[in-house]
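*Asks:* Okay, sequence plus prediction incoming.
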Amino acid sequence: MKTDGKNVKWKSKEQREKENRRIRWIFLILFLLVLLGFGGMGYRVWKQYSKDLMQNQYDQLSNSSKILSESLETSMKEYEWDYEMLHNIEVMMQDEAGNYKIQNTDAFMQKMKRYLEEETTYVCDLFWQDENRNFINSLSGKVYADPVCFTETDQGVGIYQMEDDKDQKYLVLHYLEPSENQICMVVNEEAFYANLISSIKVGTNGYVMIKNSEGKIIMHPKGEQWGIDVIEGRKEMYPHLDLSSLEHMIEKQKEGGEGILEYDSYWWTMPNLPKVHKVSAYSSADLGGDFWVVSAVIDYDDMYLPIRQGFTRILFVMLGILLLIIILLIFVGRLVFDRQKSAAEIIYLRELNSLLEEVHQSEENIAHQERLQIMGTMTGGIAHEFNNFLTPIMGYAELLMMELPEDSEEYDSAHEIYEASEKAKDVVRQISTLSRKNVETVYKSIPAQKLMQRAVKMISSVCPPQVTVEEQMNLDHTWILGNTTQINQVLLNISVNAIHAIGKQKGTIRILARRVKRNSLSQELADKLRESWEDYVEIQIQDTGCGMNQETMKHIFDPFFTTKKGGEGTGLGLALAEQIMMSHKGYISVESKPGVGSTFYLYLPAMDTEQKIIVPTASGKYRIVIADDNAKVLKLLEKNFRKIGIEIITCRDVEKLKEYLKEAETDVLYIDETLEDGSGVEFCMSISGKYPQMKKIVMAAHITRELAEAKQHGIIEGYVEKPVSEVTLLDAVRQCEENV
C-alpha cells in the first residue's frame, strides 16, 4: 500500500515563515484594535460616568439650597406673624381719644418681656422708635443704629439690618408707615446664621450665603461683608479683583427662581483670596412681594476630584483587564504558533508515512464518534427507565380518577398527578427523539399531496373550536424522499405552537403548499438550499397569534428555549423540527411580528415521480450485506429492499460480518462508519485485497477528509451520507460502476 505522493501537499520553510509573519501582523493589529477599543470605551465611560455623578451632586446641592430657602421663608413668615401679634397688643393700648400712643404700663411691659423669655426663634429684643425712625429705647437697654434696608413686603413690613454698640448684626422688623412710639422686633441675625445656615457643610471650603433681590449680602461667612452689595461693595473692598464672572452669576440670581451656575470667584474667607472655579446652587425664598436668594457655594474641584479619583480606580481595573487580555492574546498566539509548527510536522510525517499512519491519526475522531453514540444509547436507556417510572404513576392516577367523585378534592389531586405525568412523558419522548440512536434514518418516496392532506386532518383534530384551519395545496405529481412520521412531527409541532400563540382568542391557521424552483427564490434563501435539487416543496404555516420579536426569533430553534409558562412547554419542539429538516436536506425559517402573527417556511427537495428502484444485476444473484449497529435501521432497510425483490443480509458487529463475507461471495458491502466495535474504514482496510470484486461503500453522518482519501486510495469504492434509503444505497452502487 503506497501513498500517492503527488496528492500530498506540504509547505516549505519560506512559506511557513511567511505565514508566521502574517499571523504576527494579525495579532499586532488585533492588539491595536483592542487597545483602541478600550481607549474609546474608557473615554465614553468616563464622559457618561462624570456626567451622571456631577448631575447627581448638582441635584443634591440644589436640593440643599431649596430646603434652606423653604426653611428661611418659613422662619421669616413666623417673624412677621409674631410682629403683627405684638403690634396688635400695642394697638390695644391706645388712649381713650384714639391716639396711637404707647402706654408704658407695667402690664404691657410684662407681656413684652414674657414674650422674649418664651421666644425660641432667635427674637432677642424689642425697641421703640419715633415717627422719624429715631431710636427711643429697648427692653434690653441696647442701642441699635445704622439701618440697611433689605426687604419691604406686601404686608407693609420692612426688614432691616442694624448694629448694636458692639457691632453685632441684627434683623429688625417694623412697619413701613411711620408712627409715634412704633415697636420694632429684633432678631439675632448672627445666631440665626450660625445655627441654621453656616452649620451646613458644603464641600471642603464651601458655604451657604443669603442675598436679597437687589444683590445685597444678608448673611455670609465673612462678617465684614454683611450688608454690602455683593458686586459694588466688593469692588470697593478689593478693587484689584476681576469680578466679571461673579457679576454675570448675580444677574441671573436677581431674576429669582432656582438653578445651578458655574462661575469664577475667590475664597473670601481666606487671607490671600485664592481664585477658584465655583458652583452655586441657588433658590429663592418668597417674602411676600420680594424674595431673598439662598445660595449654596462649593468649589468645583470638591465635586470633580472625587469623581476623577473614582474613575481612576476604575481605569486601573480596566487596565488590569486589558493586561489580562494581552496576556491571553499572547498565550493564544503562542498556541497558534505551536499549532502551526505541529501542523507542519504532521504534514511532513504524512508525506513520509503510509496511509495506515494517517488512519491512526484519526483515532481520536473515531473515539469521539463512539462517545456520541454511547451518549445516544444512554439517553435512550434513561428515557426508557423514566417511562417505566411514569407508567405506574399514570396508571394509578387513572384508577384513582375512576374511583373518586369528579367534584371531590381528591379527584382534582389525582387529575393534577395525571396531567403532570403526561407532560413528563412528553418531555421524555422528545428527549428520546433527540437521541441519535432513536431517530429513524431510513427514508422512502412519499406522495407530497397525500402527505399534506393527512397532516391537515391531523392538525384540524387537535385545534380548539375557536381556531380555524385553512389549506391551499397544489402538489400533484410531486414526491418527497423522506420519513412520513418525522415530517408529520415537524408540521404538528409548528401547528401546536401556532395554537398556543393564538390562545383563547379566535384565530386562523393557514397551511399553503406548492412546488417552487430553487432559482425563483431570493438569493439569500437559494444559497441555503442544496444546488443538487432544482425543485423544492414549499410549505407555509401561517397563524394569527401573538407573534414574536426579533430577539425571540433568534432562539426559537435552540433546545429547551420556550416563551410559554412553566410546565406548558419543553422548548424541544422547534429544535427537533430543525434537526429533522436538516436530516431531510431541507431548510426551515420563520417570519413574525408582535401582534400580527408568524409564518414558518419549510423547504423539502421535490421529485417529479416516485423514485424508481433500478437493480444493477439480477436480484436473485445480487448479494448485499449491510452492517450497522442500529437494529431499527437494519429492520427498515431489510423491509424496503424486500419490497423491490432484493434479499439482503444484515449484521450489527464486525465478527458476524467477517463470517458472512467468508460464507459466500458478496457483491456489495454497506458498512456504517461508526460501528460499536470498530470503524467502517478500518474494517475495509483490514480486508483490503481479500475480496477484489466486492464494492465497499461506507455510510457516514458526515463526509470527512479520511473518507475522501480512503476512496481516492482505493480502500473503499464509495460513501453515502446518512440518512439512507434503498434508493440512495443503490444509487451509490451505480455511481461506483459508472466511475470504473
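*Replies:* Cool, the structure landed. Numbers count the residues shown, from 1 in each chain.
*Asks:* Quote the end-to-end distance of stretch 719-734.
*Replies:* 12 Å (Cα to Cα, to the nearest Å).
*Asks:* for it, what is the average pLDDT?
*Replies:* For stretch 719-734, the mean pLDDT works out to 79.
*Asks:* list the buried ones in it?
*Replies:* For stretch 719-734, the buried set under the neighbour-count rule, 16 or more other Cβ atoms under 10 Å, comprises 719-720, 722-733. In this view, the C-beta of every residue, glycine as well, is placed from N, C-alpha and C.
*Asks:* repeat for stretch 131-139
*Replies:* Judged by neighbour count (16+ other Cβ under 10 Å), stretch 131-139 contains these buried residues: 135, 138, 139.
*Asks:* my read: the second one touches residue 126, true?
*Replies:* Yes: between residue 138 and residue 126 there is a contact at 6.6 Å, judged by Cβ atoms under 8 Å.
*Asks:* so what sits against both of the two?
*Replies:* residue 186 (Cβ atoms under 8 Å, 6 or more residues apart in numbering).
*Asks:* if we can go back for a sec, I'd like to know which of the buried residues of stretch 719-734 are part of strands.
*Replies:* Members of the buried residues of stretch 719-734 lying in strands (criterion: DSSP state E): 719, 720.
*Asks:* Any idea how many residues pack against residue 718?
*Replies:* Residues contacting residue 718 under the criterion other Cβ atoms under 10 Å number 20.
*Asks:* Check the gap between residue 734 and residue 254 for me.
*Replies:* Using Cβ to Cβ, to the nearest Å, we find residue 734 at a distance of 100 Å from residue 254.
*Asks:* my bad, residue 630
*Replies:* Distance check for residue 630 against residue 254: by Cβ to Cβ, it reads 92 Å.
*Asks:* who's more crowded, these two?
*Replies:* The neighbour comparison of residue 630 against residue 254 (other Cβ under 10 Å) goes to residue 630, with 22 against 15.
*Asks:* Present the buried residues of stretch 719-734 as TSV; the columns should include distance to residue 218.
*Replies:* Below are the buried residues of stretch 719-734 laid out as TSV (distance: Cβ to Cβ, whole Å):
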residue	distance to residue 218
719	98
720	98
722	93
723	92
724	97
725	99
726	104
727	101
728	99
729	103
730	106
731	102
732	102
733	107
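*Asks:* Just the ones of the buried residues of stretch 719-734 in helices?
*Replies:* Where the buried residues of stretch 719-734 overlap with helices, as defined by DSSP state H, the overlap consists of 726, 727, 728, 729, 730, 731, 732, 733.
*Asks:* wait, which of these is closest to residue 176?
*Replies:* residue 728 (110.0 Å; Cβ to Cβ).
*Asks:* And for that closest one, nearest residue in space, chain neighbours not counted?
*Replies:* Excluding the flanking residues, the one nearest residue 728 by Cβ to Cβ, 6 or more residues apart in numbering is residue 720, at 5.6 Å.
*Asks:* for residue 541, same thing?
*Replies:* When the adjacent residues along the chain are set aside, residue 541 lies closest to residue 600, with 4.6 Å between them (Cβ to Cβ, 6+ apart).
*Asks:* and what of residue 687?
*Replies:* residue 661 (7.1 Å).
*Asks:* Tell me where the stretch 601-740 of the chain has helices.
*Replies:* Residue ranges of the helices in the stretch 601-740 of the chain, as given by DSSP state H, counting those that start in this stretch, are 631-643, 654-663, 680-686, 705-712, 726-738.
*Asks:* Please save the CA atoms from the fourth one in CSV.
*Replies:* This means helix 705-712. Written as CSV, here are the backbone C-alpha positions of helix 705-712 (Å, rounded to 0.1, in the frame of the first residue of the first chain):
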residue,chain,number,x,y,z
ARG,A,705,-11.4,14.0,4.7
GLU,A,706,-10.5,10.5,5.8
LEU,A,707,-13.4,9.1,3.8
ALA,A,708,-12.4,11.1,0.7
GLU,A,709,-8.8,9.9,0.9
ALA,A,710,-9.9,6.3,1.6
LYS,A,711,-11.9,6.4,-1.7
GLN,A,712,-9.0,8.1,-3.5
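*Asks:* could you give me the average pLDDT of that helix?
*Replies:* The pLDDT scores in helix 705-712 average 79.
*Asks:* Helix 726-738 and that one, what's the angle between them?
*Replies:* 50 degrees (axes from the mean of the first three to the mean of the last three Cα atoms, to 10 degrees).
*Asks:* okay, how far is it across stretch 691-698, tip to tip?
*Replies:* Across stretch 691-698, the straight-line distance between its terminal residues is 16 Å, by Cα to Cα.
*Asks:* Let me know which of the helices of the stretch 601-740 of the chain is the nearest to residue 558.
*Replies:* Relative to residue 558, the nearest member of the helices of the stretch 601-740 of the chain by Cβ to Cβ is helix 631-643, separated by 27.5 Å.
*Asks:* Give me the buried positions along the closest one.
*Replies:* 633, 634, 636, 637, 638, 640, 641.
*Asks:* same thing with stretch 196-204?
*Replies:* Using 16+ other Cβ under 10 Å as the burial criterion, the residues of stretch 196-204 that qualify are 196, 197, 198, 202, 203.
*Asks:* can you confirm the first one is in a helix?
*Replies:* Yes: under DSSP: H, G, I helix; E, B strand; the rest coil, residue 196 sits within a helix.
*Asks:* Pretty sure it sits against residue 69.
*Replies:* No: under the criterion of Cβ under 8 Å, residue 196 is not in contact with residue 69, lying 12.0 Å apart.
*Asks:* separation between residue 716 and residue 210?
*Replies:* Per Cβ to Cβ, residue 716 is found 98 Å from residue 210.
*Asks:* hmm, back to that, thought the residue nearest to residue 541 was touching residue 588?
*Replies:* Yes: Residue 600 lies in contact with residue 588 (Cβ under 8 Å); the separation is 6.7 Å.
*Asks:* Which one of those two is surrounded by more residues?
*Replies:* Taking neighbours as other Cβ under 10 Å, residue 600 and residue 588 compare with residue 600 leading, 24 against 20.
*Asks:* Beta-bridge partners for that one, please?
*Replies:* With DSSP bridges applied, the residues forming beta bridges to residue 600 are residue 541, residue 590.
*Asks:* need the contact list for it.
*Replies:* Applying Cβ under 8 Å, 6+ apart to residue 600 gives the contacts 494, 540, 541, 588, 589, 590.
*Asks:* Double-check that residue 579 belongs to a strand.
*Replies:* No: assignment of residue 579 by three-state DSSP gives helix, placing it outside any strand.
*Asks:* how far away is it from residue 228?
*Replies:* Residue 579 sits 86 Å away from residue 228 when distances are taken as Cβ to Cβ.
*Asks:* got it, and residue 311?
*Replies:* Separation of residue 311 from residue 228 (Cβ to Cβ): 41 Å.
*Asks:* on that earlier part again, minimum distance to residue 422: which of the helices of the stretch 601-740 of the chain has it?
*Replies:* Ranking these by distance to residue 422, with Cβ to Cβ as the measure, places helix 631-643 first at 25.4 Å.
*Asks:* elements contacting the closest one?
*Replies:* Helices and strands touching helix 631-643, by 3 or more Cβ pairs under 8 Å, 6 or more residues apart in numbering; DSSP states H and E, are strand 624-627, strand 648-651, helix 726-738.
*Asks:* Buried residues, stretch 624-631. List them.
*Replies:* Buried, per 16+ other Cβ under 10 Å, within stretch 624-631: 624, 625, 626, 627, 628, 629, 630.
*Asks:* Leaving out the residues flanking it, which one is nearest to the second one?
*Replies:* Taking Cβ to Cβ, 6+ apart as the measure, residue 625 lies nearest to residue 649, with 4.7 Å between them; neighbours along the chain are not counted.
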